[in-house]
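**Q** quick one: sequence and predicted model below, then my questions.
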Amino acid sequence: MTALADLVGSEQIADLVGRAVDLQAVPVESVVGDMAFWIGDSADRRVYVLFDQVPTPDTPIEGKVDIDRGDRVNISGEVRSADSIPEGVTA
């Protein structure tokens, strides 16, 4: 999938699990942390993103990338089920 609309427009997100994603310059709607954030146009049309990176202890940035609301990001990866979200990560 190469369009954000493919994700946020789908009523059956479960059917997308396992599909590859390659999105360019999508808006960050809100931020839980640099390793967990939402992409989309609004709180009603957004998708949760988990970054696979190692936290950097004792720094204001959780990892190598600093994500802020309003940033535009490129996302490559795979759609996963909410069941596969690591323990302790919240939306």
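**A** Cool, the structure landed. Keep in mind that this is a model prediction, so the values were computed, not measured.

**Q** what residue in this structure is the furthest from its centre?
**A** The C-alpha centroid of the chain is most remote from residue 58, which lies 23.7 Å away (C-alpha atoms, centre = their mean).

**Q** so it sits in a helix?
**A** No: going by DSSP: H, G, I helix; E, B strand; the rest coil, the assignment for residue 58 is coil, not a helix.

**Q** and it, how far is that from residue 74?
**A** For residue 58, the distance to residue 74 (C-beta to C-beta, to the nearest Å) stands at 28 Å. No exception for glycine: its C-beta is placed from N, CA and C like everyone else's.

**Q** by mean pLDDT, flag the weakest helix or strand of the protein.
**A** Across the helices and strands of the chain, mean pLDDT, DSSP states H and E gives its lowest value to helix 4-8, namely a mean of 84.

**Q** tell me which residues of that one come out buried.
**A** Residues 4, 7-8 are the ones in helix 4-8 that count as buried (16 or more other C-beta atoms under 10 Å).

**Q** need those residues in a markdown table (columns: distance to residue 81).
**A** Putting the buried residues of helix 4-8 into a markdown table (distance: C-beta to C-beta, whole Å) gives the following:
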| residue | distance to residue 81 |
| --- | --- |
| 4 | 19 |
| 7 | 14 |
| 8 | 17 |
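
**Q** quick one, strands of this protein?
**A** Along the chain, counting by DSSP state E, strands occupy 20-33, 36-42, 45-50, 72-78.

**Q** ok, which of the ones you listed comes nearest residue 13?
**A** Between residue 13 and the strands of the chain, the tightest spacing by C-beta to C-beta is seen for strand 45-50, at 8.2 Å.

**Q** could you dump that closest one to PDB, C-alpha only?
**A** Provided in PDB are the C-alpha atoms of strand 45-50 (Å, rounded to 0.1, in the frame of the first residue of the first chain):
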ATOM      1  CA  ARG A  45      -9.000   9.200  10.400                       C
ATOM      2  CA  ARG A  46      -5.800   8.000  11.700                       C
ATOM      3  CA  VAL A  47      -3.600   4.900  12.000                       C
ATOM      4  CA  TYR A  48      -1.400   3.900  15.000                       C
ATOM      5  CA  VAL A  49       2.300   3.400  14.200                       C
ATOM      6  CA  LEU A  50       4.900   1.600  16.300                       C
END
